[in-house]
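pasted the sequence and its predicted model underneath.
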Amino acid sequence: MALEEYGRKRRFQDTPEPPPKVEKAEGHRFVVQKHHASHLHYDFRLEMEGVLKSWAVPKGPSLDPADKRLAMMVEDHPVSYLLFEGIIPAGNYGAGTVMVWDTGTWEALGNSHEMLAKGDLKFRLDGKKLKGEFVLARMRSRRPGSKGTEWLLIKKRDAGVKEGFDIDEFDWSVLTKRSLDEIAGDEGSAEWQSNRAAAPPPGKNAWLADTLAKVAGKKKSPTTEEKPTKKATAAASRSADGDGNRTTKTAVRSVVRSAKKSSVPSVVKSAVKKKRKKRAS
Ligand code: MN
């Protein structure tokens, strides 16, 4: 599949994200990105067919088989997105902070193309945080007008299981060790970018170094600050799905920057909860 939708949603002169480019080589890397856009979520991406097949996972992956995580399939991303960490400036699609929460390799437990088409994708992850077998299962929709993009991400029982897994205890980048708040600070991000260009990680992760250098070479666009209004915050909470919403971008960015450790303003949290409840019923 190509990257038209990815390209259409973004203006590459304004965002540090990589441009759309389908790779010829079929690799088997994966990434989970923690993304504080209009709301906090995680993006789960598997390298397949020259792109990254992508799902937005509101609560993030879990190592506890009891957790069935909703995963909304979103547009394919370019493979070089694997190592994108930094800030998508206000005014851009998905504006906010992105952390490389986990990365590594994946192995299909069967024919990956068939399993994907069938909506029953079984695989094993070998990442720094996520290890073992998982399944991504497409939900049969009960809602009229559903786009059929709802999947569940579930850990299978094996040695990788951690009962009671709490994703908030793992708030660090596997690339830079930074927390989401540290990445969100403009200064830290700029410092990282200028340092990294000269010092890519060694050896084993050569594939990582190449992309890192490219990302580090990019200049960030200047951004403006605005105080979030009540109206804008409410709007942000309404757009709880997907990667963001242009009308709320500036307010959202301010919310992101002013948020403390727990990250999500309570008004957003409760709105998301309500939405989840609705979805569940
Ligand atoms: Mn996202």
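Received, thanks.

quick one: low-confidence ranges for the protein?
For the chain, the stretches with pLDDT under 70 are 1, 142, 186-281.

now the strands for this protein?
Counting by DSSP state E, the chain has these strands, from start to end: 29-36, 40-48, 51-57, 68-78, 86-88, 96-108, 120-127, 131-138, 150-155.

with Glu17 as the reference, name the closest of these.
Taking C-beta to C-beta, strand 86-88 is the member of these nearest to Glu17, at 6.5 Å. C-beta coordinates here come from the backbone N, C-alpha and C atoms, glycine included.

that closest one packs against which elements?
strand 96-108, helix 180-184, helix 186-198 (3 or more C-beta pairs under 8 Å, 6 or more residues apart in numbering; DSSP states H and E).

return the residues of the stretch 1-150 of the chain in contact with the ion.
By the rule C-beta under 5 Å from the ion, the part of the stretch 1-150 of the chain lying against the ion is His35, Asp43.

of all of the stretch 1-150 of the chain, which residue lies closest to the ion?
Distance from the ion to each residue of the stretch 1-150 of the chain (C-beta to the ion) is smallest for His35, at 3.7 Å.

right, and that residue touches Ser54 too?
No. Proximity of His35 to Ser54 does not meet the contact threshold set by C-beta atoms under 8 Å, at 11.0 Å.

residues in contact with Phe44?
Contacts for Phe44 were tallied using C-beta atoms under 8 Å, 6 or more residues apart in numbering; they are Phe30, Val32, Ser54, Trp55, Ala56, Val57, Pro61, Ala71, Leu153.

closest to Gly94 among those?
For Gly94, the nearest member of the contacts of Phe44 is Ala56. The distance, counting by C-beta to C-beta, is 9.8 Å.

can you report how many residues lie near that closest one?
Other residues near Ala56 number 21, with proximity taken as other C-beta atoms under 10 Å.

repeat for Arg143
Neighbours of Arg143 under the rule other C-beta under 10 Å: 9.

try Arg140
That count, for Arg140 with other C-beta under 10 Å as the rule, works out to 9.

kindly list the main-chain dihedrals of it?
In this entry, Arg140 is assigned phi and psi values of phi -80, psi 120 (degrees, to the nearest 10).

would you mind measuring from it to Ala66?
From Arg140 across to Ala66, the span is 21 Å (C-beta to C-beta, to the nearest Å).

now do Asp181
29 Å.

who has more neighbours out of the two?
Neighbours were tallied for Asp181 and for Ala66 using other C-beta under 10 Å; the higher tally belongs to Asp181 (18 against 11).

ok so, going back, now do the shared contacts for His35 and Ser54.
Asp43.

comparing the two, which residue is more hemmed in?
Neighbours were tallied for His35 and for Ser54 using other C-beta under 10 Å; the higher tally belongs to His35 (24 against 21).

partner residues bridging the more buried one?
For His35, the beta-bridge assignment (DSSP bridges) gives partners His41, Val98.

could you do Gly132 as well?
In this entry, Gly132 is beta-bridged to Leu125, by DSSP bridges.

tell me the contacts of it?
By C-beta under 8 Å, 6+ apart, Gly132 lies in contact with Leu63, Arg124, Leu125, Lys155, Lys156, Asp158, Ala159, Gly160, Val161.

7 Å instead, please
Arg124, Leu125, Lys155, Lys156, Asp158, Ala159, Gly160, Val161 (C-beta atoms under 7 Å, 6 or more residues apart in numbering).

no further questions, thank you.
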